[in-house]
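Peer 1: predicted structure and sequence below. I'll ask about it afterward.
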Amino acid sequence: MFSAYNLGALFDPELGGDNPALIDCLDWDAPRHYSHRDIDDAANACARGLMGRGLVAGDAVAILSANRAEFLIAYLGILRAGMAAVPIGYKFPGELVDYILGDSSSKYVICDGARRDLFSVDLPVTDFDSSGEEAFEALLEPGPFEAVRPGEEDVAMVLYTSGSTGRPKGVPLTQNGHLWALRGRMGGWPYNHHRMLVAAPLYHMNALCTLLFGHGASTLTVLMPEFDARKYLQAIERFKCTWITSVPTMLAMSFMEEDLLESLDLSSVSIVRMGSAPVSPKLWSRVEEVFPGANIMNGYGTTEAGPMVLGAVPGKVVPPMSSGFQVAGVDLKLIDQNGNEAEEGVLWQRTPANTLGYLNLPEKTAEVITPDGWYNSGDVFRREPDGAYYFVGRDDDMFVCGGENIYPGEVESTLVSHEGVAQSCVVPVPDDIKGEKPIAFVVRRLGATVSEDDLKQHALARAPAYQHPRMVIFMDELPLAGPGKIDRKGLEARGREIWESKETT
């Protein structure tokens, strides 16, 4: 029975105890191993140390680091002490890190050595890779610690959006809200026989909540410092992972390592969980081929409303390609372009894990959160008669070509259905007559020689004519922004430059 009252204090001495909890692959050649008791003791020591440095419940403490065991320990310690954790994207530029530290009113920074000089804000620092007063060991104060009992609206963490369309927005999330979400994910436990693989960055909801789930469910988690396609596949065989987690793009990139797919034993995998981005039918089929018999799902959740919105429910089988069914305890509605409830439209959500509102941004909050608690996700879904939800696209990615709505994901699925295509990203370019037209960036499958005309004819034969890409630009790889997501905004800007250059020649 899951009875935790603090999101940072999830240790179950009977289920977890001295069993393996974490394999930290920061050093690939010499991974570090931790038991659940090791993690619990260290988190207590961190909580005691933070309070010993003069911090109090409610203070914000920033974490700026690649994935590693100390990240989890610091995060749990911050929450146990009733403080708010502020994980920051470790690939953000220094100016943005300084902005987040100020916007979140952080009182303390815990970082790794590679990010020690990334910020200029004058705050006390603990450095995972330092020695002396700044060392992580110097912060830890071993001993017992009784976790703080949070109030109804006490903040556990402030997660920041990727900032692809401007400065990142802080999303405060409560202890109680995410305890509710964790309870929902624990519905089918015990899971302590699983060996889970996490490679997405811990400053993002996908990986952070998965790691919390693994810790709370007393599983063993294999933690990669960051995603590397070859090491991701190698880790599955090396550590006999049974449950793998990813953003779909990560699996698409991994499947390009065809020599490893042929040589490695990946048969240990029984659960595949994707999230944070749409998945194409071709990629879904490839996942089924590589991991035959595995339970596969592309889940859905948002930072603002939590990771428990759609998923598996008792008595129903989640159809392939679906994000699942409405889970218990949440309210959902689909709103079409006319503002009416419909079977296809923008997904509005109301859950116990909903954010209190964007930090220091009341006008932005009012744009997407109603006074009665509904959050406008901007994600367009289709609901089938059986109640299963299917992702269509982002409302703000949709563009109009000659009066027809185009969702890039639909065109991308058509393109990657070609055997010579590994990945694609479709973006709009301006047109005097049509308004906007689609063009495509494409990564060929290894050894493929597919041409631009091949793909245009492929799209014309399988989708409405208005969807076919007017130009195809081949790349060795698609640039990423955030946790394994394609940098769509960057490619749109690049595409417009290339298109305008072509139009003027």
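Peer 2: Perfect, thanks for sending it.

Peer 1: so where's this protein uncertain?
Peer 2: Applying pLDDT under 70 to the chain flags residues 1, 162-166, 188-190, 276, 482-484, 503-505.

Peer 1: how is it carved up into domains?
Peer 2: Domain segmentation of the chain under automatic domain parsing yields 1-173, 326-394, 399-504.

Peer 1: for residue 242, which of these is the nearest?
Peer 2: domain 1-173 (13.2 Å; CB to CB). In this view, the C-beta of every residue, glycine as well, is placed from N, C-alpha and C.

Peer 1: thinking again about what came up before, need the domains of the chain in a markdown table (columns: distance to residue 274 and mean neighbour count).
Peer 2: Shown next, in a markdown table, are the domains of the chain (distance: least, CB to CB, whole Å; neighbours: other CB atoms under 10 Å):
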| stretch | distance to residue 274 | mean neighbour count |
| --- | --- | --- |
| domain 1-173 | 18 | 19 |
| domain 326-394 | 11 | 16 |
| domain 399-504 | 10 | 17 |
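
Peer 1: distance to residue 223 added to these, as JSON lines?
Peer 2: What follows is these, written out as JSON lines (distance: least, CB to CB, whole Å):
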{"stretch": "domain 1-173", "distance to residue 223": "5"}
{"stretch": "domain 326-394", "distance to residue 223": "24"}
{"stretch": "domain 399-504", "distance to residue 223": "14"}
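
Peer 1: nearest to residue 203, out of the ones you listed?
Peer 2: Short answer: domain 1-173, nearest of the domains of the chain by CB to CB, at 3.8 Å.

Peer 1: quick one, phi/psi of residue 114?
Peer 2: For residue 114, the backbone dihedrals are phi -70, psi -20 (criterion: degrees, to the nearest 10).

Peer 1: now do the same contact list for it.
Peer 2: 66, 90, 129 (CB atoms under 8 Å, 6 or more residues apart in numbering).

Peer 1: same thing but at 10 Å, please
Peer 2: Residues near residue 114 by CB atoms under 10 Å, 6 or more residues apart in numbering: 64-66, 90, 127-129.

Peer 1: swap in residue 34?
Peer 2: If you count contacts by CB under 10 Å, 6+ apart, then residue 34 has 20-24, 40-42, 69, 72-73, 220-221, 223 around it.

Peer 1: ok, residue 410 next?
Peer 2: 278, 280, 392-393, 398, 426, 463-464, 467.

Peer 1: which one of these is nearest to residue 268?
Peer 2: When the contacts of residue 410 are compared against residue 268 (criterion: CB to CB), the nearest one is residue 280, at 25.4 Å.

Peer 1: is the nearest residue to that closest one once chain neighbours are set aside in a helix, a strand, or coil?
Peer 2: Of all residues not flanking residue 280 in the chain, residue 413 sits nearest, at 4.4 Å (CB to CB, 6 or more residues apart in numbering). Of the three states, residue 413 takes helix under DSSP: H, G, I helix; E, B strand; the rest coil.

Peer 1: contacting residues around residue 413?
Peer 2: Contacts of residue 413 by CB under 10 Å, 6+ apart are 278-284, 321, 407, 424, 426, 462-463.

Peer 1: ok, these vs residue 337, which is closest?
Peer 2: Distances from residue 337 to those, taken by CB to CB, are shortest for residue 407, at 12.7 Å.

Peer 1: grab the nearest non-local neighbour of the closest one.
Peer 2: Residue 407's closest residue in space is residue 393 (CB to CB, 6+ apart), at 3.2 Å.

Peer 1: is it fair to say the one you found lies in a helix?
Peer 2: No: looking at residue 393 with three-state DSSP, it is strand, so not inside a helix.

Peer 1: mind listing what it touches?
Peer 2: Counted by CB under 10 Å, 6+ apart, residue 393 has contacts 278, 378-381, 405-412.

Peer 1: separation between it and residue 89?
Peer 2: Separation of residue 393 from residue 89 (CB to CB, to the nearest Å) stands at 24 Å.

Peer 1: quick check: which element contains the closest residue to residue 140 other than its chain neighbours?
Peer 2: Leaving aside its chain neighbours, residue 140 sits nearest to residue 45 (3.9 Å; criterion: CB to CB, 6+ apart). In this assignment (DSSP states H and E), residue 45 forms part of helix 36-52.

Peer 1: what helices or strands is that helix leaning on?
Peer 2: On a contact count with 3 or more CB pairs under 10 Å, 6 or more residues apart in numbering; DSSP states H and E, helix 36-52 meets strand 20-24, strand 32-35, helix 69-80, strand 106-111, strand 125-127, helix 136-139, helix 205-216.

Peer 1: hmm, 8 Å instead?
Peer 2: strand 20-24, helix 69-80, helix 136-139 (3 or more CB pairs under 8 Å, 6 or more residues apart in numbering; DSSP states H and E).

Peer 1: between helix 205-216 and it, find me the angle.
Peer 2: On the basis of axes from the mean of the first three to the mean of the last three CA atoms, to 10 degrees, helix 36-52 is oriented at 110 degrees to helix 205-216.

Peer 1: what does helix 36-52 rub up against?
Peer 2: 8-9, 11-13, 16-22, 61, 69, 72-74, 76-78, 80-81, 83, 108, 139-145, 147, 215, 218.
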